[in-house]
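A.B. asks: got a predicted structure plus its sequence, pasted below:
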Amino acid sequence: MSTPLAVLDLTPVPSGSTVAQALANSADLAESAERFGYARYWVAEHHLNPGVVGVSPAVVLALVAGRTSSIRLGAAALQTGHRTVLSCVEDFALLDAVHPGRIDLGIGRPGGPPRGPDGSLPAPPPPPTPEEQEGAVVDGLRVPGPFPLAPMLTSERFAALPALVPVPGPGAPSFADQVDTVLDLLAGTYTSPSGVPLQVHPGTGADLQLWLFGSTGGTTAAVAGERGLRFGANYHVAPQGVLDAARAYRAAFRPSEGAQGLARPHLTVSADVVVAETDEEAEHLAAGYGPWVRSIRTAAGAIPYPSPSEAAALTAPERWTTDDDALVRDRLATRFVGSPKSVVEGLERLRDATGADELLVTTATHDHAARVRSYELLAAEWGDR
């Protein structure tokens, strides 16, 4: 049986475009993905980024759901530090009420390093050496080393984000407790700390498929395994940790029962992909990725996605420094960019190295038609394999 492919839409705003057009592009992409045979269409959650409009996955999915009829729709992933567990369940149960049996609720912990009790950020570690950044090749898969954290950790903007985007404090429930609450709310077995049974309407009995998403072999992978839930590992965000995340999930896995029960682990792995008719054309279309990632990792916020000509100007030698190169090197080295044949071969290596049961593909290009065409070419080549 072939490995299912799914779409992860980061809802990018191309430079010179608008929020309204970005959402229209997402609706068109969801409709196209269903036609091309993708198993799922998922959206991500990001905040305070000029070049990304996916601030509320449930709203985006509600806007695009009417354009599809069979493809599964979901989030990868709601960040539990930015919203209540109750709102996660209620929002996605509402979607399930209108589109029964098609909704995936993906949740994860907020991104970024842990903060101290006073909200302070840790001191940046020493920058990795070029040798450390190079990483290794494991079973044919590039697994890079760490990227420099100082540009993010020393950013005043990054330090100010908790004022608008809350993160859990010392008294907040643990991620494991939050996951258990989601399971109880869906099953109708939740009891308040004072012993009062409470049910969610809509929510209790909703036909949601629950996923946990993580970037390392830490808490999220362990919780997903211990609860016997589906897990997603983020190679596209943190390629350094994908193998550790997959191993930790499987090591912790215990078969589970109930509506979310699994007899064996079930893993999806994300990947950045751009496909075109030739390797040269794909590289041209993907030119904006480096400046885009740089804007994210400096905590400036994702810029509107640059066109190839804008990317050439942004990465010109007089503007693009060796520090910029070090900041994005791991992400550039772990994309799958090229002709259908070369990209599929890369994705097969990713699948085989991680043991993924599904692959979650995210594609960003300035031109929307080129992005849709990338997914079309990939689906055709993957199906031929």
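C.D. replies: Perfect, I can see it now. Numbers count the residues shown, from 1 in each chain.
A.B. asks: show me which positions of the worst-scoring helix or strand of the chain on mean pLDDT end up buried.
C.D. replies: Among the helical and strand segments of the chain, the one scoring lowest on mean pLDDT, DSSP states H and E is helix 156-160, with a mean of 89. By neighbour count with 16 or more other C-beta atoms under 10 Å, helix 156-160 contains the buried residues 158-159. From N, CA and C alone the C-beta is placed, and that goes for glycine too.
A.B. asks: next, the buried residues of whichever helix or strand comes after it.
C.D. replies: Sequence-wise, the next helix or strand downstream of helix 156-160 (DSSP states H and E) is helix 175-187. For helix 175-187, burial by neighbour count (16+ other C-beta under 10 Å) applies to 175, 178-186.
A.B. asks: closest one of the residues you listed to D9?
C.D. replies: Of all these, V182 has the smallest distance to D9: 23.1 Å, by C-beta to C-beta.
A.B. asks: next up, the contacts around the closest one.
C.D. replies: By C-beta atoms under 8 Å, 6 or more residues apart in numbering, the contact set of V182 is 85, 88-89, 105, 107, 210.
A.B. asks: and if we set it to 6 Å?
C.D. replies: V85 (C-beta atoms under 6 Å, 6 or more residues apart in numbering).
A.B. asks: all numbers from here: first residue = 18
C.D. replies: In the new numbering, first residue 18, that becomes V199.
A.B. asks: quick one, what contacts the residue minimising distance to the centre of the chain?
C.D. replies: Of all residues in the chain, the one closest to the mean position by C-alpha atoms, centre = their mean is A93, 5.0 Å from it. Counting by C-beta under 6 Å, 6+ apart, A93 touches 25, 59, 61, 123, 230.
A.B. asks: so what's the first one closest to, chain neighbours aside?
C.D. replies: I take that to be L25. T379 (4.0 Å; C-beta to C-beta, 6 or more residues apart in numbering).
A.B. asks: and the contacts of the longest strand seen in the chain?
C.D. replies: Counting residues, the longest strand found in the chain (DSSP state E) is strand 284-292. Outside strand 284-292, the residues that touch it by C-beta under 6 Å, 6+ apart are 25, 248-253, 299, 302-303, 352-354, 357, 360, 367, 371, 373-380, 391, 394-395.
A.B. asks: any idea of the mean pLDDT for it?
C.D. replies: Regarding strand 284-292, the rounded mean pLDDT is 98.
A.B. asks: downstream of it, the next helix or strand is which one?
C.D. replies: Criterion used, DSSP H and E; the element after strand 284-292 is helix 296-302.
A.B. asks: go through the contacts of strand 284-292 and flag which are in helices.
C.D. replies: 299, 302, 357, 360, 367, 371, 391, 394-395 (DSSP state H).
A.B. asks: can you redo those as a markdown table with neighbour count?
C.D. replies: Shown next, in a markdown table, are those (neighbours: other C-beta atoms under 10 Å):
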| residue | neighbour count |
| --- | --- |
| A299 | 25 |
| L302 | 24 |
| P357 | 22 |
| V360 | 26 |
| L367 | 22 |
| T371 | 22 |
| S391 | 25 |
| L394 | 21 |
| L395 | 25 |
